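>>> Fold the following, please.
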Amino acid sequence: MKVQVLQENLQRGLGIVGRAVAARSTLPITANVLIMTDEGRLKLSATDLDISISTWIGAKIDEEGATTIPARLMTDFVAQLPPATVTIESDEEMRRSAKLTCARTESTVNTLSATDFPRLATIGDGPGISINPTDLRRAIDRVEFAAATDDSRPVITGVSVKGAEHMLTFAASDGFRLAVADIALDEKQSVAEFDLIVPARALREVGRLIGDSGAPVELRVNEEKTRVEFTLTDVELSAQLIQGSFPNYTQLIPTEWNTATEVPVGDFMRGARIAAIFARDGSGIVRLQVTPEDAAREDGQLLISARADEVGDNEGTIDVRVKGEAAKIAFNSRYLADVLGALDPEGSVRMETTSPSSQGVFRPVDESGKDDYVHVVMPMFVQW
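Numbers count the residues shown, from 1 in each chain. Alright, predicted model coming up:
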């Protein structure tokens, strides 16, 4: 194989696939990146056997072929090269080394045979679901952080993805909180009903790959319902689906409330962050007290407080709009910050509560009446 590629394109391609390189594996070749020619372009691929990422970059192909090079070494090396053409040559006979040349720099790198690289499963060109990239990235950002990180219950380390007619629903829960986001598909699309559990890490990578792209993302699932594939412009990500039944989360979302408090997200986030500084030494508990407006006040008030015996205490007040009665509830400071961080800082959030011992529900306030996101957080039990 002999190819010529611009340093900036090679660096960008390595950065894309590098997140799928195995950090620790009993299969040494998964620490390498597969470099191969493909219909006049250079294809870079990496996999940790659970997630695979491939990307295509423009290159001048002098000789067809393929090789695998240690990903970390290749990435660090290319990052230090000047913005010039990089020539990659590998010995097709032995496949034991590759020569990398750029400007006045020449290096030889030990390689492993491309034939030993794990076969990357492809789903093919069957029917897929076209998703608006902005909607998909927003849905991912709103739910993936709520997935569990403990492998003791594998199904909740993933994100439930359900499709029906013109709607996709993403849901994640770690047992203490639940995030659910809907994506309305183009009316011309009508998808058959399906129910998948996609690893949260895979969706996190999809969100990262989307970036500011305006091109639609294609979602495909194989017939066996064991793998899912997301296709972006010049990039493909494939992931092994998690097998099992996701908990029935719809019954965890309260349908009634005693108090609904509308709070500016930016003010709420600022108050929660300040309280979290004190909550660090107080079991991470942030207390919220809602007082409706009365004859003496035109606006209701939300009191955000935290205290720790060894450090001190903090209180902050925000003017809010309240429907219903006065309320008290306490949350884990990190969970509160996570849900507020998933919302538009310029918008408002509606917090619905029933009692100090019942879960709190957060919904973004949308003037159009669109209800495409709900976040449920279990309360902390405290002495008031």
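>>> residues contacting the residue nearest in space to the middle of the chain?
Nearest to the geometric centre of the chain sits Arg204, at 2.4 Å (CA atoms, centre = their mean). Going by CB atoms under 8 Å, 6 or more residues apart in numbering, Arg204 touches 140, 144. (Each C-beta comes from the backbone N, C-alpha and C, glycine too.)
>>> Which of the helices or strands spans it?
helix 200-210 (DSSP states H and E).
>>> try Ala192
strand 191-199.
>>> In that strand, which residues are buried?
191, 196-199 (16 or more other CB atoms under 10 Å).
>>> Remind me what the helix ranked longest in the chain packs against, helices and strands.
The residue-count maximum for a helix in the chain (DSSP state H) belongs to helix 265-279. Here helix 265-279 touches strand 285-291, strand 300-308, strand 312-324, helix 333-341, strand 348-353, going by 3 or more CB pairs under 8 Å, 6 or more residues apart in numbering; DSSP states H and E.
>>> contacts for the fourth one?
Contacting residues not belonging to helix 333-341 are listed as 145-146, 176-177, 179, 265, 268-269, 272-273, 275-276, 279-280, 284-286, 306, 349, 362, 375, 377 [CB under 8 Å, 6+ apart].
>>> Buried by neighbour count, from these: which ones?
Buried by 16+ other CB under 10 Å: 145-146, 176-177, 179, 265, 268-269, 272-273, 275-276, 279, 284-286, 306, 349, 362, 375, 377, out of these.
>>> need the helices for the protein, in chain order.
7-17, 71-79, 133-143, 200-210, 265-279, 333-341.
>>> nearest to Glu310, of these?
Judged by CB to CB, the one of the helices of the chain that comes nearest to Glu310 is helix 265-279, at 10.4 Å.
>>> Name the helix or strand of this structure that has the lowest mean pLDDT.
When each helix and strand of the chain is scored by mean pLDDT, DSSP states H and E, strand 191-199 comes last, with a mean of 90.
>>> Now do that strand against helix 133-143, angle only.
50 degrees (axes from the mean of the first three to the mean of the last three CA atoms, to 10 degrees).
>>> What angle do strand 348-353 and the longest helix of the chain make with each other?
Using the same axes, to 10 degrees: helix 265-279 against strand 348-353 is 60 degrees.
>>> angle of helix 265-279 against strand 312-324?
Angle of helix 265-279 versus strand 312-324, following the same axes, to 10 degrees, is 140 degrees.
>>> what angle do helix 265-279 and strand 285-291 make?
130 degrees.
>>> what about helix 265-279, distance to the chain center?
In terms of CA atoms, centre = their mean, to the nearest Å, the centre of helix 265-279 is set 24 Å apart from its chain centre.
>>> How about residues contacting it?
By CB under 8 Å, 6+ apart, helix 265-279 touches 284-286, 302, 304-308, 311-314, 316, 318, 333-334, 336-337, 340-341, 343-349, 364.
>>> same thing but at 6 Å, please
Residues from elsewhere that reach helix 265-279 (CB atoms under 6 Å, 6 or more residues apart in numbering): 285-286, 304, 306, 308, 311, 314, 316, 318, 333, 336-337, 340, 343, 345, 347, 349.
>>> Over to stretch 357-377?
Outside stretch 357-377, the residues that reach it (CB under 6 Å, 6+ apart) are 142, 177-182, 252-254, 262, 329, 331, 335, 339, 343, 347-353, 378.
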